[in-house]
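*Asks:* fold the following.
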Amino acid sequence: MPLLDGLDLILGWYLAEIRPGSGQVRPCSATEGGGAIHRGTVGNRLRAALAGEQAGPEGHFSPHGLRHACATHNYERGVDLVAIQQLLGHWQIGTTMRYVTPSSTFIEDAYRRALSANLAQLEGGD
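*Replies:* This is a model prediction of the structure:
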């Protein structure tokens, strides 16, 4: 997932600790032994991490949910929707729009900024 918080630390760990263990170049999706990661492994590790954090049922999410979170957080940080579409590999912008679920706070702040700008323009025009 591109642009996740702490990705530099994760990749640094991978490059320093995991990759040197093999004489060959391996993708980031490889296990420590060099094999392909089973599709359930990421989900299992997420569940274990959540259990370690003692997250309740509201804390449940899936690896696919990380894609939604990545899209939403990047959008709320100002990344262009078309850039997010490219990051996620979507063909249609409509698919990307379904991934972005901004918080009510983000929506309220955006509304206030737009309203303030319009009011300032009206006040300056008189």
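
*Asks:* spell out the residue ranges of the helices in the chain.
*Replies:* 7-13, 39-52, 63-76, 81-88, 93-99, 104-125 (DSSP state H).

*Asks:* could I get those as a markdown table with mean neighbour count and mean pLDDT?
*Replies:* The C-beta positions use only the backbone N, C-alpha and C, and glycine is treated the same way. Listed next are the helices of the chain as a markdown table, based on neighbours: other CB atoms under 10 Å; pLDDT from 0 to 100:
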| stretch | mean neighbour count | mean pLDDT |
| --- | --- | --- |
| helix 7-13 | 11 | 67 |
| helix 39-52 | 12 | 71 |
| helix 63-76 | 17 | 85 |
| helix 81-88 | 16 | 90 |
| helix 93-99 | 14 | 93 |
| helix 104-125 | 10 | 84 |
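
*Asks:* from residue 121, how far out is the residue lying closest to residue 83 once chain neighbours are set aside?
*Replies:* Excluding the flanking residues, the one nearest residue 83 by CB to CB, 6 or more residues apart in numbering is residue 74, at 7.8 Å. Distance from residue 74 to residue 121, counting by CB to CB, to the nearest Å: 29 Å.

*Asks:* cool, residue 108 as well?
*Replies:* Distance of residue 108 to residue 121, given as CB to CB: 20 Å.

*Asks:* ok, now residue 104?
*Replies:* 26 Å.

*Asks:* please apply the same query to residue 111.
*Replies:* On the measure of CB to CB, residue 111 and residue 121 end up 16 Å apart.

*Asks:* go on, residue 63?
*Replies:* Where residue 121 is concerned, residue 63 sits at a distance of 45 Å (CB to CB).

*Asks:* cool, and residue 90?
*Replies:* 35 Å.

*Asks:* number of residues surrounding the residue nearest to residue 75 when sequence neighbours are not counted?
*Replies:* Spatially, and ignoring its direct neighbours in sequence, residue 75 is nearest to residue 100 (4.6 Å; CB to CB, 6+ apart). Residues near residue 100, counting by other CB atoms under 10 Å, number 15.

*Asks:* residues contacting residue 100?
*Replies:* Contacts for residue 100 (CB atoms under 8 Å, 6 or more residues apart in numbering) come out as 71, 72, 75, 81, 84.
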